[in-house]
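Novice: kindly generate the corresponding structure for this input.
(one chain, ligands or ions: 1)
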Amino acid sequence: MRKTIIAGNWKMNHTGADAKATITGLVSRVPKDVKSEVIIAPVFPYLPMAVELTKGTPIHVAAQNMHWEESGAFTGEVSPAMLVDIGVDHVIIGHSERRTYFNETDETVNKKVKAALAHKLTPIICCGETLEQREQGIMQSWIEGQIEKALAGLTKADMANVVIAYEPIWAIGTGKTASAAQAEEVCSIIRKKVAALYDQATADDTSVLYGGSVKGKNVAELTGSADIDGGLVGGASLKVDDFMAIIDNAIVK
Ligand code: PEP
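Specialist: Purely as a prediction, here's the structure:
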């Protein structure tokens, strides 16, 4: 059975005191028996603090990126083993900002996904089209291509530990949310693609999230859709009240 997941991507925000206040605020407010899986992704320097503060709570901690190699001459990079060593259990892979500003490709995304799985980290794999691609009518083939390349070489067993996030680039940080119908259409395309690559049971068990200006007021409509299993949340994950509104209003099917 797939899970409903609410994941907060903090991006390059919050220094130590703000990070600590946000995490302690969430720890005091996320119910012990919360029905969704709640994940926060602070920046690298505060991951150990996040792991420490969330111990014994239902909140999981994700990194926003990682390298695929174990160690070596890769200045500025962090390896999967290092994330596991500090107690992180999820990692966001292939966010559109990484693809746009840091030259991530489908090939590096695939290497990172394989490395994450090899270390028992759950990858949250991001995909999404630009407005131009949508208007050109190539959204479906683009998304299917991204999914196929990200999952290349993964087994059915691997898929039990994979989360996919559909994040239309035109809806990230813009205040423009894809309508629930638009988001559902693409999440359903993703699920069908997973079914074609593996089988229907694997597709039915894969959590597919929507990301792009998710807020407390639109999360119920989004997560109420058949193929949307939660949200990857940017801006609204930075404030405890905003993130709690999303957690509280998400529909767990
Ligand atoms: C994101 O960057 O993953 C995201 C969805 O951002 P926002 O919620 O701010 O649009």
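Novice: quick one: contacts for the closest residue to the ligand within the stretch 1-150 of the chain?
Specialist: Closest contact between the stretch 1-150 of the chain and the ligand, by Cβ to the nearest ligand atom, is at Asn9 (4.4 Å). In short, each C-beta sits where N, CA and C put it, glycine included. Shown in contact with Asn9 (Cβ atoms under 8 Å, 6 or more residues apart in numbering): 41, 62, 64, 92, 95, 211, 232-234, 237.
Novice: ok, now with 6 Å
Specialist: 41, 234 (Cβ atoms under 6 Å, 6 or more residues apart in numbering).
Novice: check Met139 too.
Specialist: Here Met139 is in contact with 129, 133 (criterion: Cβ under 6 Å, 6+ apart).
Novice: how close does it get to Ala203?
Specialist: 19 Å (Cβ to Cβ, to the nearest Å).
Novice: what does the stretch 1-150 of the chain have sitting close to the ligand?
Specialist: Remark: the part of the stretch 1-150 of the chain in contact with the ligand comprises Asn9, using Cβ under 6 Å from any ligand atom.
Novice: all strands of the stretch 1-150 of the chain, in order?
Specialist: 5-9, 37-41, 59-63, 90-93, 122-127 (DSSP state E, counting those that start in this stretch).
Novice: may I see those strands arranged in TSV, with mean pLDDT and distance to Thr223 as well?
Specialist: TSV is the format used below for these (pLDDT from 0 to 100; distance: least, Cβ to Cβ, whole Å):
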stretch	mean pLDDT	distance to Thr223
strand 5-9	98	9
strand 37-41	99	13
strand 59-63	98	18
strand 90-93	98	19
strand 122-127	98	16
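Novice: for Asp248, find the nearest of these.
Specialist: strand 5-9 (9.8 Å; Cβ to Cβ).
Novice: wait, Arg29 touches Asp242, no?
Specialist: No. Applying Cβ atoms under 6 Å, one finds Arg29 not in contact with Asp242, separated by 11.9 Å.
Novice: next, count neighbours for Met159.
Specialist: Residues near Met159, counting by other Cβ atoms under 10 Å, number 20.
Novice: for the helix or strand encompassing Lys192, which helices and strands make contact with it?
Specialist: Here Lys192 sits within helix 180-197, counting by DSSP states H and E. Where contact means 3 or more Cβ pairs under 6 Å, 6 or more residues apart in numbering; DSSP states H and E, helix 180-197 is packed against helix 139-150, strand 163-166, helix 200-205, strand 207-211, helix 219-223.
Novice: make CSV out of these and add mean pLDDT.
Specialist: Output for these, formatted as CSV (pLDDT from 0 to 100):
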stretch, mean pLDDT
helix 139-150, 98
strand 163-166, 98
helix 200-205, 98
strand 207-211, 98
helix 219-223, 98
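Novice: tell me where the model's unsure across the stretch 51-200 of the chain.
Specialist: For the stretch 51-200 of the chain, no stretch has pLDDT under 70.
Novice: anything in stretch 186-196 near the ligand?
Specialist: No. Contact of stretch 186-196 with the ligand (Cβ under 6 Å from any ligand atom) is absent, the minimum separation being 13.9 Å.
Novice: what residues sit buried inside that stretch?
Specialist: Residues 186-194 are the ones in stretch 186-196 that count as buried (16 or more other Cβ atoms under 10 Å).
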